[in-house]
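In: Generate a structure from the sequence data that follows.
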Amino acid sequence: MAVLALGMIGISLLHFVTGSGQAPSVTAGDPRFVLYAVLVAAMGYYAWAGITRAKNPAPQVVIDHDGIALGFGRNRRFSWSDILWVRQRRLGFRPQLQIGLIPEAFMRTDLRLSMWNLDDGLRPIRGAPAALAVRDNGLDANALAMLDAVRSFRPNLVKS
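Out: Next comes the predicted model:
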C-alpha cells in the first residue's frame, strides 16, 4: 500500500511538472489543484503509516496470562481484572474483537480513540462508553484466534 501511495504521489507531481493541457493551475483558487493537494496529503499519510508499520514487526495484540496488551502506537496493557467482557463482532466484512473494560481502567489508559480515524486498528464502540474494538485487518492473528486465546485464559469473560 505504501508503494502504491508513493507511486500515486509521483504520478500527480509528474502531471504538474509536465504541464499537460489538463493540469490544474497551481493556485488555491483552482478546485482541481486543491483536490490534488488533499489527495497527495492523504496518500503521503498512508505511505508514512505503511512504512512505519512495516518497520515494526512486533505483534500489535498480545494475549497472555497477565492480560491483553495492545500496541498500535499506544502500548497499553490491561490486566484480566480490568476486563469485564470480550466478544467477537463484525463491522461489515471486517471481524473485530470487542473488549469491555471497567471505566477506571479505560480512563486511566487514555487510548486516544477516534471514530474518524479510518485506518486505526483500535476504535471506540458506540453505546459502550468503556469498550473498544480491535480490528484484525493486517494483524498476525485474526479476531477468532484472539477470542480463542482469551477463552483459553479467561473463559468466563467471553460473551456471545
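
In: residues contacting the spatially most central residue of the chain?
Out: For the chain, residue 120 is the residue whose C-alpha lies nearest the centre (Cα atoms, centre = their mean; 1.7 Å). Counting by Cβ atoms under 8 Å, 6 or more residues apart in numbering, residue 120 touches 72, 113-114. The C-beta positions use only the backbone N, C-alpha and C, and glycine is treated the same way.

In: Let's verify it: helix, strand, or coil?
Out: Residue 120 falls in the coil class when you classify it by DSSP: H, G, I helix; E, B strand; the rest coil.

In: quick one: low-confidence ranges for this protein?
Out: Within the chain, the ranges that satisfy pLDDT under 70 run 1-2, 19-26, 117-119, 138.

In: So which other helices or strands are in contact with the longest helix along the chain?
Out: In the chain, assigned by DSSP state H, the helix with the most residues is helix 31-55. Based on contacts counted as 3 or more Cβ pairs under 8 Å, 6 or more residues apart in numbering; DSSP states H and E, the elements that helix 31-55 packs against are helix 2-18.

In: State the distance from the residue nearest to the centre of the chain to residue 74.
Out: 10 Å (Cβ to Cβ, to the nearest Å).

In: hey, C-alpha coordinates of stretch 73-82 in CSV?
Out: Extracted as CSV, the C-alpha positions of stretch 73-82 are listed here (Å, rounded to 0.1, in the frame of the first residue of the first chain):
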residue,chain,number,x,y,z
GLY,A,73,1.4,3.1,18.8
ARG,A,74,-0.2,3.2,22.3
ASN,A,75,1.5,0.2,24.0
ARG,A,76,-1.1,-0.3,26.8
ARG,A,77,-1.7,-3.4,28.9
PHE,A,78,-5.0,-4.4,30.5
SER,A,79,-4.8,-6.9,33.3
TRP,A,80,-7.6,-9.5,33.5
SER,A,81,-9.1,-7.7,36.4
ASP,A,82,-9.6,-4.6,34.2
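
In: With that, I have no additional questions.
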